[in-house]
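Novice: Structure, please.
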Amino acid sequence: MATYSGDVYYAGSSATATTITVPKSPTSIAIVPATTTPPGGSSLLVTATITASTTGATLPTGTVTYTLDGASVGTSAVVPGSPSTSTVTLPAITPGTHILQATYSGDTYYGASTAPGVTITVSKSSTTTVLTPSTLTPTAGGSMVVTASISSPNPGGTAPSGTVNITMDGINVATGTLVSGAPSIATITIPLVSAGTHVLEAVYDGDTYYTGSNSSTVTIIAARGATVTTLTATPPSLTAATAETLTATIAPANPVTGVLYTITGTVTFYDNGTTLLGQVSVADNTATLTGVKLADNVNHVITAIYGGDTNWLGSAASALPLDATTLPDYVVLTSNFSTVQPGAALVLTATVTPASTPDVTGEPNPTGQVAFYDGTTLIGTSSLSPVALSDTSTATLTTQTLPGGQDTLSAYYLGDLYYDAATSNLLTLTVEDFTLTPSSTNPATNLNIVQGASGSAAFVIAGVGGFNNEIQIVCAVPTQDDMTCTATPQQVTPTATVTFVVQTYTSGGPSSTTTVSRRHDPVWPRAAGGTALAVLLGFFLLPFGRRTRIFAGRGARRFWILLLLLVGLGGAGIGCNSVSGAVASTGTPLGVSTLKITANAYVNNAVVSHSVYLTVNVVTPGSTTP
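Specialist: Down below sits the predicted model:
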């Protein structure tokens, strides 16, 4: 529309309005990605250029919207220029083929336009997996930590993610989740179920942007796993006439939650550490010993020892005490003598008494066996017999074999189903006896005598336990040896030394009859000895009561002592002074002869005898004795 303002001569006027249409200048847009094959997980820089068909004083402005496969992935402002541009960084694109497009919005002067699509091909990035065990020598039956590291030579904006599987000897044993990073890491605890050599490997399955990969294998050597053995008893306490069931349970010392373990081998059960109760195979990680009969009158300590197997180390359970449940009692030991003469019959009596009055439903009197000891030597056992009208029982033992001197005796009650085992008081007794030992001055081996000469040896007689009675000494010589042995003295009381003189002959001798003028040995020693032996034998054939009455008086005792002396003298006459024989003698034979020396004492209606031997070596006349 135009309007004339007029002048001095002319009036103003307006023209008729005319409509003018001015179109926006057409534009074109092109997109240029930094690459059409970006790696998976990486971002992508894209530049768009806007070109106008006709440019004026004002350059194109506005915005550009980017789409990937039709979905908006970003918008950026247009920077005016020749040409105008728009730049955007797209986030990680999933692997595959995609169509990238851009649309210019236009502005006041320039029209909108859409760029032709560009094909983008995205591939997964390769990865490398590294497996690192916490140790190469773990313990079987426990667990160990391994670390899997995942990295990529073409990392994108998104780090590898997902899971890693750990295989042992080709079998999957654990799975861990990656923590994204550079590199991405999974820390995994795996169980070890067997001892020996194993091969580990980590397997990464990949994710949206990264390919999977396997680590190099790693060899580990697992030692046998430690175990813990637990012992229980059923019933948990001793019960009369009831057998026990012992159960040993074996478990790993360091178990892993959720892991099942198989333990094999055997368990050995002991009572008090030494008595074998039985050996049982392990099944379902337990070993059960049934029907164990234990005396309930003594305390027991049960132990169980697991021997281990190819995968597991052995272990011992803590000791399981099973206390006696029987009634307490006490034992008193007495004897009929405090000083025991040789040959006397010593009667030991053990009296077992309950510590408290027994229940009317229980056993009234202790039963079972009592063992009698001299120090640590068992001298006999005897059964208990109840004492009428009481709760007490007694056991007796008669012995005549205690060694001379001080003897310390005790009695041990073995207990029964109702009463405890118990040990008595110590009883010290003095047992009279005597010893016959060679003197220290004697030759170490033989008594060496030149034929026709004599030699001597000494023996010491000592009392034991206060014994001080008279002792008869005799020396017996083999009849064929033609020598004499004379004891001096022949009757002693301890302590005394007796010297034995041995006479040898070059010709003649006790058995010689070749010399008519040689006076015969008197007959009375032999007769007296024979008579005494006959009387003594007749005496011992008498009943015991009559023998006791015979010894009632002092005169009778003297008579019997004299009779013993006659026995000794008669024996000496027979052994040491042999009667004349019918064969001529050539003297004492050369070589070794053995003489028996005997000491006899009569004590408490019994003859106590001890013997030793003396060896005599007769050598040739003119030689020097060794």
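Novice: The closest residue to D416 other than its chain neighbours and P354, how far apart?
Specialist: In space, and not counting its chain neighbours, D416 is closest to G368: 4.2 Å by C-beta to C-beta, 6 or more residues apart in numbering. To be clear about C-beta, it is placed using only N, CA and C from the backbone, and glycine gets the same treatment. G368 is 13 Å from P354, where distance means C-beta to C-beta, to the nearest Å.
Novice: tell me, what's touching those two both at once?
Specialist: Common neighbours of G368 and P354, counting by C-beta atoms under 8 Å, 6 or more residues apart in numbering, are Y419.
Novice: Those two - which one has more neighbours?
Specialist: The neighbour count for G368 versus P354, taken as other C-beta atoms under 10 Å, is higher for P354 (22 against 18).
Novice: Walk me through the domains of this protein.
Specialist: What automatic domain parsing lists as the domains of the chain is 27-122, 128-222, 227-322, 348-431, 435-619.
Novice: Would you reformat these as CSV and include mean pLDDT and distance to V8?
Specialist: Listed next are the domains of the chain as CSV, based on pLDDT from 0 to 100; distance: least, C-beta to C-beta, whole Å:
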stretch, mean pLDDT, distance to V8
domain 27-122, 91, 40
domain 128-222, 91, 80
domain 227-322, 92, 113
domain 348-431, 91, 158
domain 435-619, 71, 184
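Novice: nearest to P328, of those?
Specialist: domain 348-431 (4.1 Å; C-beta to C-beta).
Novice: so how far does the closest one reach from one end to the other?
Specialist: 14 Å (C-alpha to C-alpha, to the nearest Å).
Novice: cool, stretch 71-90 as well?
Specialist: Stretch 71-90: ends 12 Å apart by C-alpha to C-alpha.
Novice: tell me the secondary structure for Q480?
Specialist: Using DSSP: H, G, I helix; E, B strand; the rest coil, the structure places Q480 in helix.
Novice: Kindly tell me how buried it is, as a neighbour count.
Specialist: A count of nearby residues for Q480, using other C-beta under 10 Å, gives 11.
Novice: Now do the contacts for L100.
Specialist: 31, 33, 46, 66-68, 117-120.
Novice: ok, and it, which helix or strand is that part of?
Specialist: strand 96-104 (DSSP states H and E).
Novice: A388 and V331: what is the separation?
Specialist: With distances taken as C-beta to C-beta, A388 is found 19 Å from V331.
Novice: neighbour-wise, which of the two wins?
Specialist: V331 (20 against 7).
Novice: give the contact list for Q279.
Specialist: Contacts of Q279 (C-beta under 8 Å, 6+ apart): 266-269.
Novice: Now, those that are in helices?
Specialist: Using DSSP state H, no member of the contacts of Q279 sits in helices.
Novice: nearest to G106, of those?
Specialist: For the contacts of Q279, the nearest to G106 is V267 (90.6 Å; C-beta to C-beta).
Novice: That closest one reaches T227, doesn't it?
Specialist: No: assessed by C-beta atoms under 8 Å, V267 is found out of contact with T227, at 10.9 Å.
Novice: Quickly list what's touching both of the two.
Specialist: 250, 306.
Novice: With distance to S84 and neighbour count added, can I get the contacts of Q279 in TSV?
Specialist: Below are the contacts of Q279 laid out as TSV (distance: C-beta to C-beta, whole Å; neighbours: other C-beta atoms under 10 Å):
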residue	distance to S84	neighbour count
T266	90	16
V267	89	28
T268	94	19
F269	95	24
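Novice: Contact partners for the closest residue in space to G455 that isn't next to it in sequence?
Specialist: Spatial nearest neighbour of G455, excluding adjacent residues (C-beta to C-beta, 6+ apart): I449 at 4.1 Å. By C-beta under 8 Å, 6+ apart, the residues touching I449 are 455, 502, 504, 616-619, 625.
Novice: Kindly write the PyMOL command that selects the buried subset of those.
Specialist: The following PyMOL line selects those of the contacts of I449 that are buried, judged by 16 or more other C-beta atoms under 10 Å:
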select buried, resi 455+502+504+616+617+618+619
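Novice: ok, of the contacts of I449, which one's closest to P95?
Specialist: N617 (117.4 Å).
Novice: Just give me the neighbour total for Q472.
Specialist: 24.
Novice: Shouldn't it be within a strand?
Specialist: Yes: using three-state DSSP, the assignment for Q472 is a strand.
Novice: Begin at 5, not 1, for the rest of this chat.
Specialist: Sounds good: first residue 5 from here, last item Q476.
Novice: In the sheet, which residues pair with it? Tell me.
Specialist: For Q476, the beta-bridge partners are Q495, N604 (DSSP bridges).
Novice: State the distance from it to A144.
Specialist: For Q476, the distance to A144 - C-beta to C-beta - is 82 Å.
Novice: and if you look at V374?
Specialist: Counting by C-beta to C-beta, the gap from V374 to A144 is 55 Å.
Novice: For those two, indicate the residue with more neighbours.
Specialist: Taking neighbours as other C-beta under 10 Å, V374 and A144 compare with V374 leading, 28 against 23.
Novice: where does that one land in three-state SS?
Specialist: Following three-state DSSP, V374 is assigned to strand.
Novice: any idea which helix or strand carries the closest residue to it other than its chain neighbours?
Specialist: Ranked by C-beta to C-beta, 6+ apart and with sequence neighbours excluded, the top spatial neighbour of V374 is A399, at 4.0 Å. Assigned by DSSP H and E, A399 belongs to strand 397-403.
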